[in-house]
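Asker: Below is the sequence, then the predicted model.
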Amino acid sequence: MVSETKRANRKIKVKQKTWIGELIDYYKIVDGGWFGERKHWLNDDYVKFIRFAQWKIDLAGEGILGFITNHSYLDNPTFRGMRQSLMNSFDEIYILNLHGNSLKKEKCPDGSKDGNVFDIKQGVAIAIFIKHRPEPAKEKKGEKEESKVYHSEIWGLREKKNGWLLENDIKTTNWKKLIPTSPYYFFVPREEKGRENYERYWKISDIFLVNVTGIVTARDHFVIDFDKEPLKARVMTFRNKDLPDEIVKEGLKLRENYMWRVSKAREDLIATDSWEEYFTKILYRPFDIRHIYFHDSVVWRTRKEVMRHMMQDNLGLITPKQFKEEPGAFVTDTIMGHKTVSAYDINYLFPLYLYPDTDKKDLFSHKKESEGRQPNINLEFLKTFYEVYKKEPTLEEIFNYVYAVLYSTIYRTKYAEFLKTDFPRIPFTRDYKLFDKVEKQGKTLVDLHLLKSSELDQPIVKFQGKGDNKVEKVKCQQGRVFINNGQYFEGISPEVWQYQIGGYQVCDKWLKDRKGRILSLDDIRHYCKVVTAIKNTIEIQKEIDNLYPEIEKGTIEFRNEKE
């Protein structure tokens, strides 16, 4: 039995959580409206501490708040309501960003190593919030002076930062005044050049209306594999009624949490008669397609409401909503994972077509009916598009054009600051002939990245040397990428070897993920194609950049009937 004391403590805990949750909800309001974020970190404990202290000072009418915390709230878009709320409460805000975020791979402006003042990976900031008691006359009128926000930052190793902190205070810090503005109210300096033009372009999420974040299994080692047979063997073990839960849990190295229990998951899967239908393929990383057992009992977040559309003939655009790393995008014709393009950003999938759900009993039922698919493209966008062109490009052509723009290095560089904070916006040229040229480059990229291009029939690299094809230690030397002491791929230039898609150095990542494995002939052919696709991608990006300046000379402006 649970003691009365424990019951009382539980009630208190729930009550406190509800109370602070209500206070946190104020951080979900931006410019008077709901912020509309499905994924955020406003429930982190440090945010609750700041919110609680803010509430106390608001009640007192004056006070000073000082915190050293996680620095994510300074520039993460989902914290914009928090920043606006703090500006509404406090008259002066001083932010000293100590950086040191290894999760973001932060480096000093000169490229040298940046350290953390603590033994943690998350970056740190010191914040001082000051609220003055208002003058009686202004208080009577309900007037409040505009909040003043100041920012400073320290880069370098821990010793340098600690030394600086010992020798300085708020008066000796070189503060830079910020003017945080709607809609994000950033607490960091921002490069705003080009923003006015950029915001006239169509946002990806306003073009492809249905989207979802990538699949989260919470147990990749169990439900995902390079090969189907070992994956099937694990699933059969999991379904074996004769094995006790503890043996299965230990043998498959499964961890439980408050939302997932081995016994319940096994019951659900054992009760599934058509269990073998749930094996499918997933784009795990760029050019890296693996097998997955895609069932609700073992996959934490299947995202099936959108992923089901990728179980048939379709194209999907993958791009993060914000970029901590390099901007990137990729294409898929399968379901995809939440770290497909970037390990540190939330990856979103935008399918090109939506299929009818003919039978909602199971995830795979839609395969019974493939007729009547609909475009996942905003009708208002299509209307505007057709009005300008006086023609009706196919949906695939629109997709290809978008993909080409996202691979323009000029575009990525010019709008780097804005790509860090929200979905990309796409400039659509008003010149149909130019659209056609850009679309063709995008089509070539799509075919290359799906490894369906005839250009890959003659790879630029060869696999050389004698050995067992086992990936032991990957290293690149003078155009050769070694997988062990005696075997290597020859013909890989430094530019291709270093090429990144989002947060991944593709040629390196693909091999390192297979450390300890023996490469099959299909694996070797696949890698040769990947290298060739990257080489050709680099060349096409140059062609797109030659066209890109003309795109922005006359664009189709964003128009949304909701606004």
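Answerer: Right, received. Where do you want to start?
Asker: Please give me every residue in contact with D44.
Answerer: The contact partners of D44, by C-beta atoms under 8 Å, 6 or more residues apart in numbering, come to N70. All C-beta spots, glycine's among them, are computed from the backbone N, C-alpha and C.
Asker: Distance of it relative to N347?
Answerer: According to C-beta to C-beta, to the nearest Å, D44 and N347 sit 21 Å apart.
Asker: S72 now?
Answerer: 18 Å.
Asker: Comparing the two, which residue is more hemmed in?
Answerer: N347 (25 against 19; other C-beta atoms under 10 Å).
Asker: For the more buried one, give me its contacts.
Answerer: 213-214, 318-320, 336-341.
Asker: In a markdown table: these, plus pLDDT.
Answerer: Putting those into a markdown table (pLDDT from 0 to 100) gives the following:
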| residue | pLDDT |
| --- | --- |
| T213 | 94 |
| G214 | 95 |
| I318 | 97 |
| T319 | 95 |
| P320 | 90 |
| M336 | 97 |
| G337 | 96 |
| H338 | 93 |
| K339 | 93 |
| T340 | 95 |
| V341 | 93 |
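Asker: Give me the buried stretch members for stretch 181-199, please.
Answerer: 184-187, 190, 198 (16 or more other C-beta atoms under 10 Å).
Asker: all strands for the stretch 301-450 of the chain, in order.
Answerer: Using DSSP state E, counting those that start in this stretch, the strands of the stretch 301-450 of the chain run over 316-320, 330-332, 335-336, 347-351, 353-354, 374-375, 425-426.
Asker: and the third one, what other elements does it pack with?
Answerer: Taking 3 or more C-beta pairs under 8 Å, 6 or more residues apart in numbering; DSSP states H and E as contact, the helices and strands that strand 335-336 lies on are strand 279-285, strand 347-351.
Asker: what do you get if the cut-off is 10 Å, keeping everything else the same?
Answerer: Packing contacts for strand 335-336, counted by 3 or more C-beta pairs under 10 Å, 6 or more residues apart in numbering; DSSP states H and E, involve strand 279-285, helix 304-307, strand 316-320, strand 347-351.
Asker: In its sheet, which strands sit next to that strand, and in what direction?
Answerer: Partners of strand 335-336 in the sheet, by DSSP bridges, are strand 279-285 (parallel).
Asker: cool, and the last one?
Answerer: Sheet pairing here is set by DSSP bridges, and for strand 425-426 it gives strand 202-203 (antiparallel).
Asker: And the contacts of N347, which of them are buried?
Answerer: 213-214, 318-320, 336-341.
Asker: if we can go back for a sec, pLDDT check: weakest of the buried residues of stretch 181-199?
Answerer: On pLDDT alone, R190 ranks lowest of these, at 85.
Asker: Could you count how many residues lie near the residue nearest to it when sequence neighbours are not counted?
Answerer: Excluding the flanking residues, the one nearest R190 by C-beta to C-beta, 6 or more residues apart in numbering is E417, at 6.0 Å. Using other C-beta under 10 Å, E417 has 15 neighbouring residues.
Asker: Please renumber the chain so that the first residue is 35 from this point on.
Answerer: Yep, numbering from 35; the last one is E451 now.
Asker: Low-confidence stretches in the stretch 235-384 of the chain?
Answerer: Within the stretch 235-384 of the chain, no stretch has pLDDT under 70.
Asker: The chain now?
Answerer: Checking the chain against pLDDT under 70 turns up 35-52, 171-177, 392-405, 593-597.
Asker: What are the structural domain limits within it?
Answerer: Using automatic domain parsing, the domain ranges for the chain come out as 38-224, 246-463, 482-585.
Asker: Turn the ones you listed into CSV, columns for distance to V472.
Answerer: Below are the domains of the chain laid out as CSV (distance: least, C-beta to C-beta, whole Å):
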stretch, distance to V472
domain 38-224, 28
domain 246-463, 5
domain 482-585, 6
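Asker: among those domains, which is nearest D240?
Answerer: D240 lies closest to domain 246-463 among the domains of the chain, at 6.0 Å (C-beta to C-beta).
Asker: quick one: the closest one to chain centroid distance?
Answerer: The chain centre lies 13 Å from the centre of domain 246-463; the measure is C-alpha atoms, centre = their mean, to the nearest Å.
Asker: Determine how far the last residue of that domain lies from the first.
Answerer: 28 Å (C-alpha to C-alpha, to the nearest Å).
Asker: swap in stretch 319-334?
Answerer: Criterion C-alpha to C-alpha; first-to-last residue distance in stretch 319-334 is 19 Å.
Asker: Next: stretch 512-531.
Answerer: End-to-end distance (C-alpha to C-alpha), stretch 512-531: 11 Å.
Asker: Now do the buried residues in it.
Answerer: Quick answer for stretch 512-531 (16+ other C-beta under 10 Å): 514-518, 521-523, 525-527, 530-531.
Asker: Quick check: the residue lying closest to A252 once chain neighbours are set aside vs R253, distance?
Answerer: Sequence neighbours aside, W334 is the residue nearest to A252 in space, at 3.8 Å (criterion: C-beta to C-beta, 6+ apart). Distance from W334 to R253, counting by C-beta to C-beta: 8 Å.
Asker: likewise G588?
Answerer: For G588, the distance to R253 (C-beta to C-beta) stands at 51 Å.
Asker: neighbour-wise, which of these two wins?
Answerer: Using other C-beta under 10 Å as the criterion, G588 and R253 rank with R253 on top: 17 against 13.
Asker: Let me know whether the more buried one touches I326 as I believe.
Answerer: No: contact criterion C-beta atoms under 10 Å: R253 and I326 do not qualify, at 11.1 Å.
Asker: which residues do those two both contact?
Answerer: 332-333 (C-beta atoms under 10 Å, 6 or more residues apart in numbering).
Asker: Output the longest helix belonging to the chain.
Answerer: helix 555-585 (DSSP state H).
Asker: Can you list the helices and strands that the helix or strand that contains A161 packs against?
Answerer: In this assignment (DSSP states H and E), A161 forms part of strand 158-165. Applying 3+ C-beta pairs under 10 Å, 6+ apart, we find strand 158-165 packed against helix 79-94, strand 97-104, helix 114-123, strand 126-133, strand 182-187.
Asker: now the angle from the next helix or strand after the last one to strand 158-165?
Answerer: Next along the chain after strand 182-187, taking DSSP H and E as the criterion, comes helix 192-201. Interaxial angle, helix 192-201 versus strand 158-165 (axes from the mean of the first three to the mean of the last three C-alpha atoms, to 10 degrees): 20 degrees.
Asker: Which residues does helix 192-201 contact?
Answerer: Here helix 192-201 has contacts from 130, 132-134, 142, 148-153, 158, 160, 188-191, 206-207, using C-beta under 10 Å, 6+ apart.
Asker: other SSEs contacting the helix or strand that contains A267?
Answerer: In this assignment (DSSP H and E), A267 forms part of helix 262-273. Counting contacts by 3+ C-beta pairs under 10 Å, 6+ apart, helix 262-273 is packed against helix 254-257, strand 258-259, helix 279-285, helix 296-304, strand 313-319, strand 322-327.
Asker: please redo it, this time with the cut-off set to 7 Å
Answerer: The contact analysis (3 or more C-beta pairs under 7 Å, 6 or more residues apart in numbering; DSSP states H and E) places helix 262-273 against helix 279-285, helix 296-304, strand 322-327.
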